[in-house]
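J.: Need a 3D model of the following:
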Amino acid sequence: MKNKVLFSASIVTGLSVAERFLGFLYRIVLSRLLGAEGLGLYQIALSLFGLFAVVGSGGIPITVSRMISKSKAENDRLGERRAVGAGIVACLLLTLPFCLILGVFGGKLPFLFSDGRAFRVFRILLLGLGFSSVYAVIRGYFWGNKQFLTPSILEIAEESVMVITGIFLLKRIPSPLVGAQKAAWAVVVSYLFSFTASLICFFVKNGKISAPKTALKSLLGSALPITSVRASGSLVNSAVAILLPVMLMRAGADRSTAMGLFGVVSGMVLPVLFIPSTVIGSIALVLVPELSEDYYRGNEDRLQKNLERGLRFSLLVACVLIPFFYALGSDVGRLAFSNPTAGVMLQKSCLILLPMSLTMISTSMLNAMGYEKQTFLFFFFGAAALLLCILLLPKFCGAYAYLIGLGISYIVTAACNLFFLRKKGFLFTKHGERVRDHALFIPLFAILPFSALGQLCNRIFKNFFGELFSVGATAILLCVLTLTLYLALGYLPIQKFRLLRKRKKNKSV
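T.: Have a look, this model is predicted:
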């Protein structure tokens, strides 16, 4: 079972990393073609669109996945088909009215946008809302059946379509607004593609849909808390998109500068900081069906092992990447985005990765076991801290208020999640007794020396070679040192992969 999880997670992670890398390159293109102001308009529209996308399908895919896992544990094939039918009906009921109302009357609601031009971009994005929601349900079907390869391929294909379409449309941009509108059309085209391709894959793999009946009520009851958390997250993002430029202008910045700073933080810094979410999301994606089955079957030993394994892996990912961001973040901002401010922000905010990683994985774990109401409550504690920082700190630290607020928000949420898991006896317990897993925290001690070493090597290389060579050489050096350390500590299961490969060879012989 452990080897199966590792193998699935490796495949999903590889494809997710490729997708995120493609998206990162596209962000570079957007930042250069749209400029900070155009990117700011695009991000404002995208953040509000994200809110309604989450309302339409936020908790439904993971709930469909869990309902399918539960039906499989109970050998209820009709329940699997009804779960898919209920998911599609729920998504359409929640998205189509929003598309109609906002498309017609959205322009009369100026409080939704800190810059009225963003509504024109938002109205284009609305065209893809229904396609995106139905695709999300089909993705949940594949997750529940532990078919992770198909949705992963669809994700990278969708990203590729968006990049190709965006680059084609953005050849000539007369103004930041027109550029943002064309970038929105690229998103809509990619959603239409993933919708069509996912339905074809669903029916080719003998997927079936049944009338939801009682499954619709059950699905909405389980999905509502998760959707509420994710919708609240998107609502917070939309609130930040409105409040941060306003608070920056109150602190003395003009409208163009405020919009540019928001574009730098939300469109350049945060996409790079969220790189670990690709890897952590992959392991969570693979673990969720396993955790659901173990939880409903009462397999406590395997449940606890998978929980602790997921936390250890997420913490390791953050500890590995922080030294890279600290040593090379400033150079990445200059080289990738031609924006030194983005690089400095990235370097100073890299420690956010620690609480962010723990929040992501622990929230997925609690949702997999049916504790959606608790994650909903814990999210609000963190969201309140973020909004307070946005309201109070811009006059002291400018756009850094957003990054500081995010860090505090993740710390609060992660602490609540982990405390709840331990209180319920899911973590660090054995035969009813509390135990401590010191190995979980060993990677923390490597952050400071590796960060200092990476920065020192980067400076030395710059004195003799160019900046680009220095970044590459420092990254390779840190990679080698990191692999050496974690191989020596036994964190990387190389021996287990070798044994698995040897067994497969023996079976084939």
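J.: switch to C-alpha atoms for all contacts and neighbour counts from now on
T.: Will do.
J.: Is there a neighbour count for the residue nearest to Val121 when sequence neighbours are not counted? I'd like the number.
T.: By the measure of Cα to Cα, 6 or more residues apart in numbering, the closest residue to Val121 outside its immediate chain neighbours is Gln181, 4.9 Å from it. By the other Cα atoms under 10 Å criterion, the neighbourhood of Gln181 contains 25 residues.
J.: Please apply the same query to the one 4 residues further on.
T.: Trp185 is surrounded by 20 other residues when neighbours are defined as other Cα under 10 Å.
J.: check which helix or strand covers it.
T.: helix 176-204 (DSSP states H and E).
J.: Ok, Val480 next?
T.: Secondary structure here is read from DSSP H and E; on that basis Val480 sits in helix 467-488.
J.: Mind giving me the packing neighbours of that helix?
T.: helix 300-337, helix 447-464 (3 or more Cα pairs under 8 Å, 6 or more residues apart in numbering; DSSP states H and E).
J.: wait, Glu155 sits on Val17?
T.: No - under the criterion of Cα atoms under 8 Å, Glu155 lies out of contact with Val17, with a separation of 11.1 Å.
J.: Can you mark which positions in the helix holding Trp185 are buried?
T.: Neighbour-count burial for helix 176-204, with 16 or more other Cα atoms under 10 Å as criterion, is recorded at 176-195, 198-199, 201-202.
J.: Quick one: residues in contact with stretch 305-324.
T.: Stretch 305-324 has contacts (Cα atoms under 8 Å, 6 or more residues apart in numbering) with 276, 279-280, 283-284, 287, 291, 350-351, 353-354, 357-358, 361-362, 365, 426-428, 440, 443-444, 446-448, 450-452, 454, 475, 478, 482.
J.: I meant stretch 474-493, not that one.
T.: Contacts made with stretch 474-493 from outside it, assessed by Cα under 8 Å, 6+ apart, are listed as Val320, Pro323, Phe324, Leu328, Phe450, Gly454, Cys457, Asn458, Phe461, Ile494.
J.: which residues sit in contact with the residue nearest to Leu169 when sequence neighbours are not counted?
T.: If you skip the residues right next to it in sequence, Leu169 has Lys182 as its closest partner in space, 6.1 Å away by Cα to Cα, 6+ apart. Residues touching Lys182, when contacts are defined by Cα under 8 Å, 6+ apart, comprise Gly166, Leu169, Leu170.
J.: which residues in the stretch 201-350 of the chain form helices?
T.: 214-250, 255-264, 270-273, 275-297, 300-337, 340-348 (DSSP state H, counting those that start in this stretch).
J.: tell me the angle the first one makes with helix 255-264.
T.: Interaxial angle, helix 214-250 versus helix 255-264 (axes from the mean of the first three to the mean of the last three Cα atoms, to 10 degrees): 140 degrees.
J.: what about helix 214-250, distance to the chain center?
T.: 15 Å (Cα atoms, centre = their mean, to the nearest Å).
J.: could you list every residue that touches Val137?
T.: Neighbouring residues of Val137 by Cα under 8 Å, 6+ apart: Ser57, Ile60, Pro61, Val64, Val84, Gly87, Ile88, Cys91.
J.: Most neighbours among these, which one?
T.: Most neighbours among the contacts of Val137, by other Cα under 10 Å: Val64, with 33 neighbours.
J.: which element is it on?
T.: With elements delineated by DSSP H and E, Val64 resides in helix 60-73, which encompasses its position.
J.: Perfect, I'm done here.
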